[in-house]
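Engineer: Quick check, what structure comes out for this input:
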Amino acid sequence: MEAVIDPESKASAWGFASLASDTRDCHASGRNFIPVLGLYIAIRAALFLCNILAAVITRAPNWLGPFSAWDGHWYIQVARSWYGAPGLSSGQLTYAPGGFEPGWPALIKFGSFFGLSYPGSAFLMSVIAGAATAYAIWLLSLELVPEHSAMAASAALMFPGSAFAFGIAYSEVLSIGCVAAALFLILRRKWVWAGVAGMIATGTSSLAIVLPLVFAVEALLAIRNRREFGSIWAVVLSPLGFIGFAAYLGYHSGSPFYWWKLQGTAWGARIELGFIFHWIVSGAGSGWGVYWIAMAGLIVLAYLIVSVIRSNCPVGVKVYCAAVGVMLLINPALGPKPRFLFWLFPSLFLLPRNLSPKIFSLLLIFMAFLLPVVAIAYTTIGNVVAQP
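Structural biologist: Below you'll find the predicted structure:
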């Protein structure tokens, strides 16, 4: 058995270890994942009931209406007709399919080959991809907090932002799983596979573009400390999903910067350093939900970032969480909303380590209550609460 590395030791580039590698492998058996899988199934069942209730409230023709709410319908539209819809072919910079990466729509398209409707395929693929995401999150928790892995994974899965991954047809159900897999594979020094997972992630959500930065930092450490030049593969492969998509849009639209122009014009996505302060000030007059979501989100974001920076987590995990946090604060299209805070799931792993068992249990109960509330709110009165 390998020697246990002292968490404060700098002998490891990752700066962590509570269990030796073979011990973690033992804990990673399928049997130990069953409680986490059971929690995931319970969450999906609760969110399914939320979809039915939202359909009744909004008088939707069926429960798949709320499931396809907001940008969910865009992903389904891309799966149905790809990127040939108006907005790309005409070059108009309005809300258009080109604003949505192809990874998740491709999975929906795959499900439609089995005779399902596109909304039905989106739901089935969401259930399957969500289970894989739960597994990837659990595996990563084993690496980061092996002594609390089950509770850590539970905290991440029950975070209110997961309503958008598991309760609505959003791409997080796939992209966050790929991010978790990429970070896990980097911990295991499987550079090529980490790059492939990163490539799928960046081809599914543009927020995953922080991964190449993470891989670059870890590659520098690996080369300097262990002469692992193969680590460069992770850096090279990970951004190809996004680069390929942007190049595809640029070629078919006739504008190489079509994606950036579309994001800026339609969704207001741009770098604006003072955006978060303007958002807080203006939020008070933009509906009751905006201001309080902004303030609560900022508090949660600050706690999660400070927690992970002060922890003995791997350098790559700290870089990832910090980079996501910066993106949320400087891009008006993002912000510290529940959906985007869910991307900080590695920080959520630290909750059972940082909180007393009693407080942590109360927090889990609170999040369990808040999760369906968030799902129903955004699928019924979302325009009042604020855009997801």
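Engineer: worst-scoring helix or strand of the protein, pLDDT-wise?
Structural biologist: Counting by mean pLDDT, DSSP states H and E, the chain has its least confident helix or strand at helix 21-27, which shows a mean of 52.
Engineer: low-confidence ranges in the stretch 151-300 of the chain?
Structural biologist: 279-290 (pLDDT under 70).
Engineer: the helices in it, which residues?
Structural biologist: 163-166, 172-187, 191-202, 211-226, 232-237, 240-253, 258-262, 275-283, 288-310 (DSSP state H, counting those that start in this stretch).
Engineer: Show me which positions of the fifth one end up buried.
Structural biologist: For helix 232-237, burial by neighbour count (16 or more other Cβ atoms under 10 Å) applies to 232-235, 237. Any C-beta I mention is one placed from the backbone N, CA and C, and that applies to glycine too.
Engineer: Closest one of these to residue 97?
Structural biologist: Among the buried residues of helix 232-237, residue 237 lies closest to residue 97 (Cβ to Cβ), at 25.6 Å.
Engineer: list the contacts for the closest one?
Structural biologist: Contacts for residue 237 (Cβ atoms under 8 Å, 6 or more residues apart in numbering) come out as 192, 195-196, 198-199.
Engineer: for residue 111, what are its contacts?
Structural biologist: With Cβ under 8 Å, 6+ apart, residue 111 has these contacts: 120-122, 124-125.
Engineer: Let's have those in CSV, adding secondary structure, pLDDT and distance to residue 329.
Structural biologist: Shown next, in CSV, are the contacts of residue 111 (DSSP: H, G, I helix; E, B strand; the rest coil; pLDDT from 0 to 100; distance: Cβ to Cβ, whole Å):
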residue, secondary structure, pLDDT, distance to residue 329
120, helix, 95, 38
121, helix, 96, 36
122, helix, 96, 31
124, helix, 96, 36
125, helix, 97, 32
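Engineer: By neighbours, which of these wins?
Structural biologist: The most neighbours of any of the contacts of residue 111, using other Cβ atoms under 10 Å, belong to residue 122, which has 30 neighbours.
Engineer: Which strands and helices lie in contact with the longest helix that the chain contains?
Structural biologist: Counting residues, the longest helix found in the chain (DSSP state H) is helix 30-58. Under the contact criterion of 3 or more Cβ pairs under 8 Å, 6 or more residues apart in numbering; DSSP states H and E, helix 30-58 touches helix 64-67, helix 118-144, helix 149-158, helix 163-166, helix 357-380.
Engineer: Which positions in the last one come out as buried?
Structural biologist: What that stands for is helix 357-380. Those buried within helix 357-380 under the rule 16+ other Cβ under 10 Å are 360, 364, 367-368, 370-372, 374-380.
Engineer: Might you calculate how far stretch 362-373 sits from the centre of the chain?
Structural biologist: Here stretch 362-373 is found 19 Å from its chain centre; the criterion is Cα atoms, centre = their mean, to the nearest Å.
Engineer: Same check on stretch 244-256?
Structural biologist: 25 Å.
Engineer: so which strand or helix has residue 61?
Structural biologist: Assigned by DSSP states H and E, residue 61 falls within no helix or strand.
Engineer: what residues are up against it?
Structural biologist: Here residue 61 is in contact with residue 55 (criterion: Cβ under 8 Å, 6+ apart).
Engineer: How about the contacts made by residue 44?
Structural biologist: So residue 44 contacts 127, 130, 166 (Cβ under 8 Å, 6+ apart).
Engineer: Tell me the buried residues within these.
Structural biologist: Buried residues within these, counting neighbours by 16+ other Cβ under 10 Å: 130, 166.
Engineer: Can I get the contacts of residue 44 in CSV including distance to residue 185?
Structural biologist: Below are these laid out as CSV (distance: Cβ to Cβ, whole Å):
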residue, distance to residue 185
127, 24
130, 20
166, 23
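Engineer: can you tell me which of the contacts of residue 44 lies nearest to residue 300?
Structural biologist: For those, the nearest to residue 300 is residue 166 (19.1 Å; Cβ to Cβ).
Engineer: Give me the distance between that closest one and residue 120.
Structural biologist: 16 Å (Cβ to Cβ, to the nearest Å).
Engineer: what do you get for residue 130?
Structural biologist: Residue 130 is 15 Å from residue 120, where distance means Cβ to Cβ.
Engineer: same deal with residue 300?
Structural biologist: According to Cβ to Cβ, residue 300 stands 34 Å off from residue 120.
Engineer: The residue nearest the centre of the chain and residue 345, how far apart?
Structural biologist: Against the mean C-alpha coordinate of the chain, by Cα atoms, centre = their mean, the closest residue is residue 176 at 3.4 Å. Computed as Cβ to Cβ, the residue 176 to residue 345 distance reads 7 Å.
Engineer: Before I go, just wanted to say thanks for your time.
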